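> I need the structure of the sequence given here:
(one chain, ligands or ions: 1)
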Amino acid sequence: MLSVVLARRDWREYDQLITLYTRETGRRQTVARGVKKITSKNATHLDVPGIVEADILPGKEVDYLLAVQPVDSFIRLAGDWRRLCVWNFARRLVEQLVRESAEDHALFELLVSFGVYLNTAEQILLSAADSFTLKLLARLGFSPELENCAACGGKLVGERLVFVPSLGGLAHWGCLPANTGTPLGSIPFSEAQAQQLRELLTHSWAKCVARSHCPEVRQAISSFLAYHSEKKNILFQWPTE
Ligand SMILES: [Zn+2]
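Predicted structure coming up:
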């Protein structure tokens with residue numbers, strides 16, 4: 001079945017645990033026997049970023065990965081460390097946030113379309129990774145409220161705003177309860193910043209990553225991710241050269 005390799009981990013002397021995101025059955029954990037031997041044909045195909053056809057044999061306790069064939073390889077991505085870093089981040093995020101196996105064609109398409117974008121775009125900005133993070137959270141059912149106040153339900157336009165992860169998105173500054181203090185992870189927001197967040201969530205890859213966005217927007221995505229995943233500081237950062 002069509003799959004993207006999310007992660008590989010050594011297991012026993014010659015075997016590896018391979019986590020796949022499959023188009024038909026979602027996340028799958030498989031055991032690839034003998035894949036660490038230098039003669040293994042499958043090992044090469046597992047290394048190249050892209051879409052593979054995976055032959056999976058369901059087992060009683062574990063599933064086995066019998067063979068892998070490349071279907072669409074992201075060649076340009078493979079040869080460019082900046083692109084590869086963002087791709088590896090996206091794969092890791094899916095591996096961390098998606099736990100159960102369930103069919104989700106849209107999530108598969110989200111991941112694949114991001115890979116295709118990284119493989120073909122002229123320039124890769126940090127906002128690519130942030131847009132992916134936000135879209136993945138939305139796909140998993142954690143879409144931030146960006147149109148109406150998450151506290152009173154009123155329209156947000158033209159107001160002094162605040163992003164509150166525990167409320168589920170943007171709110172009027174004045175709607176925060178006066179006596180309990182500012183909720184954890186809240187970030188003061190302007191309407192312009194709110195618009196950037198909306199664009200990262202809804203625009204196509206090419207459109208939403210055409211320009212950089214402000215630190216407050218990154219911070220909002222970071223605290224929203226932390227709130228829903230209980231993981232801190234897993235926003236994408238460029239590695240130091
Ligand atoms: Zn309000």
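> residues contacting Glu95?
6-7, 19, 27 (CB atoms under 8 Å, 6 or more residues apart in numbering). Placement of C-beta: from N, CA and C, glycine included.
> closest one of those to His203?
Distance to His203, by CB to CB, is smallest for Leu6 among those, at 25.4 Å.
> in three-state terms, label the closest one for me.
Of the three states, Leu6 takes strand according to DSSP: H, G, I helix; E, B strand; the rest coil.
> residues touching it, list them.
19-21, 27, 91-92, 94-95.
> ok so, going back, now the contacts of Glu95 as CSV including pLDDT?
Shown next, in CSV, are those (pLDDT from 0 to 100):
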residue, pLDDT
Leu6, 96
Ala7, 94
Thr19, 95
Arg27, 95
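> among those residues, which one has the most neighbours?
Leu6 (22 neighbours; other CB atoms under 10 Å).
> mind listing what's buried in the helix or strand of the chain with the lowest mean pLDDT?
For the chain, counting by mean pLDDT, DSSP states H and E, helix 41-47 ranks last in confidence among helices and strands (a mean of 80). Of the residues in helix 41-47, 42-43, 45-46 count as buried by neighbour count, 16 or more other CB atoms under 10 Å.
> close to the ion: what parts of this structure are there?
149, 151-152, 154, 172, 175 (CB under 5 Å from the ion).
> Thr202: which of those residues is nearest?
Cys149 (18.9 Å).
> where does pLDDT dip in this protein?
Filtered on pLDDT under 70, the chain yields the residue ranges 38-39, 179-181, 232-233, 241.
> among the buried residues of helix 41-47, which one sits closest to the ion?
Nearest to the ion out of these is Leu46 (CB to the ion; 49.8 Å).
> element containing Ala90?
helix 81-97 (DSSP states H and E).
> can you give me the helices for this protein?
41-47, 75-78, 81-97, 105-120, 126-139, 191-202, 205-208, 215-229 (DSSP state H).
> how about CSV for those helices, with distance to Glu61 added?
Below are the helices of the chain laid out as CSV (distance: least, CB to CB, whole Å):
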stretch, distance to Glu61
helix 41-47, 21
helix 75-78, 34
helix 81-97, 21
helix 105-120, 26
helix 126-139, 30
helix 191-202, 40
helix 205-208, 39
helix 215-229, 28
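> who touches stretch 60-68?
By CB under 8 Å, 6+ apart, the residues outside stretch 60-68 that reach it are 18, 20, 28-33, 35, 42, 45-46, 52-57.
> mind listing what Glu53 touches?
Contacts of Glu53 by CB under 8 Å, 6+ apart are 1-3, 68-71.
> which strand residues bridge it?
Leu2, Gln69 (DSSP bridges).
> what of Pro188?
Val162.
> next one: stretch 119-134 to chain centre, how far?
11 Å (CA atoms, centre = their mean, to the nearest Å).
> mind listing what's buried in it?
119, 121, 124-134.
> same deal with stretch 222-236?
Result for stretch 222-236 [16+ other CB under 10 Å]: buried residues 222-228, 234-236.
> just these now: which is nearest Arg83?
Phe236 (12.4 Å).
> that concludes my questions; thank you for your assistance.
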